[in-house]
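# this one's structure only:
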Ligand code: PLP
């Protein structure tokens with residue numbers, strides 16, 4: 001009899017968003033016609049910018065004529081897109097060569113697929129609270145998972161200590177769900193640890209474009225020593241509104257070598273075996289993001305979400321509730337007031353002011369007692385939610 005991958009039976013139900021949907025549905029059934037202020041969504045609400053739409057249309061037209069039609073394109077990404085992304089790094093003083101950039105269909109796909117580069121016996125350290133996919137991808141692979149909890153005492157930015165050891169180390173900065181961002185010095189500690197132990201850091205930079213403080217690193221490769229121990233996974237989902245369009249990129253330095261195996265070479269072999277590349281049309285749209293006009297337009301959208309963040313943070317300031325994130329990230333992570341648990345606070349906000357957020361407990365046990373607001377909602381809802389929060393929780 002076929003033996004399936006029995007590790008699927010070890011997965012916990014992905015109950016978080018299911019549970020939120022169930023509770024909001026029940027509320028709406030009991031209170032028909034009520035408007036809910038959805039501050040929990042992790043999806044963008046603004047459309048793609050004009051430069052991207054124009055490039056997408058042109059690429060569709062390319063496919064309509066024999067002379068400009070493209071069949072299969074490189075599995076590793078369109079050369080012009082890889083070059084534009086590498087140039088984007090180099091403009092910030094980070095030495096990345098074009099062939100160290102791999103175009104992907106998004107960070108989620110890549111976070112799962114990249115595990116092919118590691119032996120099944122390798123262990124994975126996950127700093128929590130964390131994006132749930134890190135744990136699940138490793139459970140499916142049957143890996144040993146080491147959880148490193150963080151908390152308010154370290155600003156949700158855990159440092160390694162003597163005992164911190166694992167083959168794969170996940171770091172997400174700016175973090176989902178906490179919005180916390182590692183400083184250069186804090187990242188250097190992780191880079192030094194990874195080099196000392198011959199570990200590899202998987203650096204999830206899906207929210208790097210939201211960093212406004214010039215002192216904070218937007219890439220792990222701003223840190224000395226990272227080229228020999230890190231892989232960076234990026235996404236255009238939140239940077240440029242590609243959640244439904246799908247595009248991302250991954251940087252694997254040629255200096256990343258373990259046991260004589262070069263991870264960049266291995267990834268070329270992996271991609272050329274397991275994919276036939278990302279859609280030509282979507283890549284052309286993605287390339288427009290890296291033009292001067294594209295950069296200007298995506299910044300306008302990011303600024304819109306940042307203003308939402310300022311509105312919500314302004315409200316929280318008036319309540320005296322502790323929070324982090326929001327300034328350099330599209331998420332605000334707050335302490336539930338009056339010792340409430342995450343789900344208790346969820347119910348409280350839903351029932352009293354019809355505001356929906358995300359209970360922190362869904363991102364790891366250390367998230368219990370915390371709550372996440374996202375800043376991707378509409379301006380009207382954000383303003384009203386902020387006022388309702390002040391009305392309910394203001395001092
Ligand atoms: N990494 C983090 C931390 C995320 O929050 C998300 C999406 O919410 C992703 C990766 C996935 O991004 P993508 O849409 O590129 O798959």
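Yes, it's here. Values in this document were obtained by computation on a predicted structure and should not be read as measured data.

# Flag every residue of the chain that's near the ligand.
Of all the residues in the chain, those in contact range of the ligand (CB under 6 Å from any ligand atom) are 42, 106-108, 131, 172, 176, 204, 206, 235, 237, 243, 248. Just so you know, the C-beta spots here come from the backbone N, C-alpha and C atoms, and that holds for glycine as well.

# Now with 5 Å, please.
Counting by CB under 5 Å from any ligand atom, the residues of the chain close to the ligand are 42, 106-108, 131, 172, 176, 204, 206, 235, 237, 248.

# Could you list which of the residues you listed belong to helices?
Judged by DSSP state H, the residues of the chain next to the ligand include 107-108, 237 as members of helices.

# Make a markdown table from those residues and add neighbour count to it.
Below are these laid out as a markdown table (neighbours: other CB atoms under 10 Å):
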| residue | neighbour count |
| --- | --- |
| 107 | 25 |
| 108 | 18 |
| 237 | 22 |
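
# residue ranges of the helices in the stretch 101-250 of the chain, please?
Assigned by DSSP state H, counting those that start in this stretch, the helices in the stretch 101-250 of the chain fall at 107-113, 133-140, 184-197, 237-240.

# helices or strands up against the shortest one?
Applying 3 or more CB pairs under 8 Å, 6 or more residues apart in numbering; DSSP states H and E, we find helix 237-240 packed against helix 280-289, helix 292-319.

# before we move on, what about the longest one?
In terms of contacts (3+ CB pairs under 8 Å, 6+ apart), helix 184-197 is packed against strand 168-172, strand 200-204.

# Need phi/psi at the spatially most central residue of the chain.
In the chain, the centroid-proximal residue (CA atoms, centre = their mean) is residue 206; its distance is 3.7 Å. For residue 206, the backbone dihedrals (degrees, to the nearest 10) come out as phi -60, psi -20.

# How about residue 27, nearest residue that isn't a chain neighbour?
Nearest residue to residue 27 in three dimensions, chain neighbours excluded: residue 350, at 5.6 Å (CB to CB, 6 or more residues apart in numbering).

# what about that neighbour, which SS state?
Judged by DSSP: H, G, I helix; E, B strand; the rest coil, the three-state class of residue 350 is helix.

# what's near enough to touch the closest residue to the residue nearest to the centre of the chain other than its chain neighbours?
With CB to CB, 6+ apart as the criterion, residue 206 has its nearest non-adjacent residue at 4.4 Å, and that residue is residue 235. Residue 235 sits next to 106-107, 206, 242, 247-248 when contact means CB atoms under 8 Å, 6 or more residues apart in numbering.

# Can you spell out the domain ranges of the protein, please?
Listed domain ranges for the chain are 7-48+294-393, 50-291 (source: automatic domain parsing).

# mind putting these in JSON lines, distance to residue 1 included?
Written out in JSON lines, the entries for those read as follows (distance: least, CB to CB, whole Å):
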{"stretch": "domain 7-48+294-393", "distance to residue 1": "16"}
{"stretch": "domain 50-291", "distance to residue 1": "20"}
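
# Export these to JSON lines and append columns for mean pLDDT.
Rendered in JSON lines, the data for the domains of the chain read as follows (pLDDT from 0 to 100):
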{"stretch": "domain 7-48+294-393", "mean pLDDT": "96"}
{"stretch": "domain 50-291", "mean pLDDT": "97"}
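
# partner residues bridging residue 261?
Beta bridges link residue 261 to residue 258 when assigned by DSSP bridges.

# how far away is it from residue 346?
Distance of residue 261 to residue 346, computed by CB to CB, to the nearest Å: 46 Å.

# And residue 319, by the same measure?
Between residue 319 and residue 346 the distance is 17 Å, computed by CB to CB.

# more neighbours, these two?
residue 346 (26 against 17; other CB atoms under 10 Å).

# can you pull the contacts of the nearest residue to that one once chain neighbours are set aside?
In space, and not counting its chain neighbours, residue 346 is closest to residue 359: 4.9 Å by CB to CB, 6+ apart. With contact set as CB under 8 Å, 6+ apart, residue 359 has these partners: 16, 20, 342-343, 345-346, 367, 371-372.

# What separation is there between residue 359 and residue 20?
8 Å.

# can you check residue 316 too?
In this structure, residue 316 and residue 20 are 20 Å apart, going by CB to CB.

# again, but for residue 342
Computed with CB to CB, the distance linking residue 342 and residue 20 is 11 Å.

# Tell me, how many residues neighbour the closest residue to residue 298 other than its chain neighbours?
Using CB to CB, 6+ apart and skipping residues adjacent in sequence, the residue nearest residue 298 is residue 240, 4.7 Å away. Neighbourhood size, residue 240 [other CB under 10 Å]: 28.

# Surely residue 240 touches residue 290?
No: counting by CB atoms under 8 Å, residue 240 sits too far from residue 290 to count as a contact (9.6 Å).

# ok and the residue in the stretch 251-395 of the chain nearest the ligand?
At 8.5 Å from the ligand, residue 331 is the closest residue in the stretch 251-395 of the chain, using CB to the nearest ligand atom.
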